[in-house]
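1. Here's my sequence, what's the structure:
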Amino acid sequence: MRLYPQWQAYLRQHQPPTLIVWGKNDQGFLVEGAYAYKRDLKNLEFHLFDTGHFALEEDGDAIADHIRRFLTTHVVENTKLNTSNK
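-> Numbers count the residues shown, from 1 in each chain. Next comes the predicted model:
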């Protein structure tokens with residue numbers, strides 16, 4: 001947790017494409033933490049689920065769909081950019 005400020009500064013400065021999937025009933029990582037990312041990042045896909053800490057176990061299919069879509073959009077898109085520059 002002591003490194004969180006450095007992590008947040010990095011994200012604010014570099015603005016990487018980011019997918020947030022968060023269980024709004026998580027008692028360990030409170031939902032306010034998810035909203036902090038939403039404030040700091042412009043290139044953000046943000047999804048709250050009616051789950052606890054183990055969101056993948058509780059709503060895995062929906063979360064997997066978001067992950068697949070995000071990776072297809074951002075990883076495939078970046079791969080095309082990188083190979084066209086060579």
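2. Pull out the buried positions in the strand or helix carrying Ala64.
-> Here Ala64 is covered by helix 55-84, with elements defined by DSSP states H and E. By neighbour count with 16 or more other CB atoms under 10 Å, helix 55-84 contains the buried residues Ala55, Leu56, Asp59, Ile63, Phe70, His74. Bear in mind the C-beta positions are built from the backbone N, C-alpha and C, glycine included.
3. Next one, pLDDT for the third one please.
-> pLDDT, the model's per-residue confidence, is 96 for Asp59.
4. From the contact counts, what lies against the helix holding Ala64?
-> In terms of contacts (3 or more CB pairs under 8 Å, 6 or more residues apart in numbering; DSSP states H and E), helix 55-84 is packed against strand 18-23, strand 44-49.
5. among those, which is nearest Tyr37?
-> strand 18-23 (5.3 Å; CB to CB).
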